[in-house]
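K.L.:
need a structure here:
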Amino acid sequence: MFTEARFQSEEAAREHLEMVRWPNGAECPHCGGTERNVRIQGGRAGLWFCGDCRTQFTVTVGTVFERSKVPLNKWLLANHLICSSKKGMSAHQLHRLLGVTYKTAWFMAHRIREAMVPANQGPMGEGGGIVEADETYWGNSNRSKAGKATKKATGRFNGQDKQKIVALVERNGSVRSFHMATVTGRSLKSVLTGNISPTANLMTDDAHFYRRIGKTFASHQAVNHSSGEYSRGDAHTNTVEGFFSILKRGLVGTFHHVAPKHLDRYCQEFNFRYNTRTALGFTDADRARLALKGISGKRLTYRRTKGAQAACTA
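P.N.:
Residues are numbered from 1 along each chain as shown. So this is what the prediction gives:
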């Protein structure tokens, strides 16, 4: 697989990216023109000229790959590796496999995560679908430095210091997870009503946050985990908890530590892979192609990400 031309040759990688990004022919990123674009012969590889706005461009202009000095074939390989690794791939592993510095690999991974963010998403559970909602807490355990410091200062471990993640999963469908600063009835209402159709049937646990919010939807059923109840007919949160298990295994086993300011991007990465999972008929190649389709219009500069590099050892 990794011996394919697009992973070995920059020219083949460019041809592959042009085919994915421009299936109907080259499109000028400056004016959107498609009728008067011609490839410039004898100049820089992959250079095009737009006869409408009289500008030059390449397939990487206006994408997360723009102005990168990393060879395009290494970008495509990094994209494929991240898309095909169920629990993610650390920047240290990318740095070893690609032969780039750790700093470069870390930034490449963040650019690819940015490409995985979906553009427009409609409401979940339209027409009476079932949507499960749940929250989880990650990081700062009683074995971590921060957790031990809290316990030493207060005499107990404060679970509120953990990072909060809320996920919504449509049965046999997609997931949306979010890193949240606080989990309250007000903050959850904003997330649930902004992403779930009023015609959906909501399934949650017995947390008090959901009692009032549940009245917003066609129906709301809750399972009482505190009394050992985990399913009651269609009422359960097993699907969303299954997603959390994959997310946490990746965060703990692959990335080890993620700076809070970047946690939402990691959530987007796991959302993307879950929404293009094998059970829905997607292959690794399909997943990688979809990620490449998402690179347009998402310029991510190092200035926007460098602040937490020291804190992110993934």
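
K.L.:
residue ranges of the strands in the stretch 151-300 of the chain, please?
P.N.:
For the stretch 151-300 of the chain, the strands defined by DSSP state E, counting those that start in this stretch occupy 163-170, 175-180, 201-205, 219-223, 231-232, 235-236.

K.L.:
adding mean pLDDT, mean neighbour count and distance to residue 45, write these out as a markdown table.
P.N.:
In this view, the C-beta of every residue, glycine as well, is placed from N, C-alpha and C. Shown next, in a markdown table, are the strands of the stretch 151-300 of the chain (pLDDT from 0 to 100; neighbours: other C-beta atoms under 10 Å; distance: least, C-beta to C-beta, whole Å):
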| stretch | mean pLDDT | mean neighbour count | distance to residue 45 |
| --- | --- | --- | --- |
| strand 163-170 | 96 | 23 | 43 |
| strand 175-180 | 96 | 21 | 39 |
| strand 201-205 | 96 | 23 | 53 |
| strand 219-223 | 95 | 17 | 57 |
| strand 231-232 | 90 | 12 | 58 |
| strand 235-236 | 94 | 19 | 55 |
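
K.L.:
which secondary element of this protein has the worst mean pLDDT?
P.N.:
Of all helical and strand segments in the chain, the minimum by mean pLDDT, DSSP states H and E falls on helix 145-154, at a mean of 55.

K.L.:
just the CA trace of stretch 53-67, in CSV.
P.N.:
The C-alpha trace of stretch 53-67 is given here as CSV (Å, rounded to 0.1, in the frame of the first residue of the first chain):
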residue,chain,number,x,y,z
CYS,A,53,-8.3,36.7,-13.2
ARG,A,54,-4.8,36.4,-14.8
THR,A,55,-3.2,34.8,-11.7
GLN,A,56,-1.1,31.6,-11.2
PHE,A,57,-1.9,28.9,-8.7
THR,A,58,-1.2,25.3,-7.7
VAL,A,59,-3.5,22.6,-6.2
THR,A,60,-2.3,23.5,-2.7
VAL,A,61,-3.3,27.2,-2.8
GLY,A,62,-6.1,27.9,-0.4
THR,A,63,-5.6,24.6,1.5
VAL,A,64,-4.0,23.5,4.7
PHE,A,65,-1.0,22.4,2.6
GLU,A,66,-0.3,25.9,1.2
ARG,A,67,3.3,27.2,1.6
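
K.L.:
need the contact partners of that stretch.
P.N.:
Stretch 53-67 is contacted from outside by 14, 17-18, 21-22, 26, 28-31, 33, 40, 44, 46-50, 68, 72, 75, 111-112, 114-115, 295-300, using C-beta atoms under 8 Å, 6 or more residues apart in numbering.

K.L.:
list only those of these flagged as buried.
P.N.:
Neighbour counting with 16 or more other C-beta atoms under 10 Å marks 14, 17-18, 21, 26, 28-29, 33, 46, 48-50, 68, 72, 75, 111-112, 114-115, 295-296, 298-300 as buried within the contacts of stretch 53-67.

K.L.:
take the contacts of stretch 53-67 and keep only those in helices.
P.N.:
Filtering these for membership in helices, criterion DSSP state H, returns 14, 17-18, 21, 72, 75, 111-112, 114-115.
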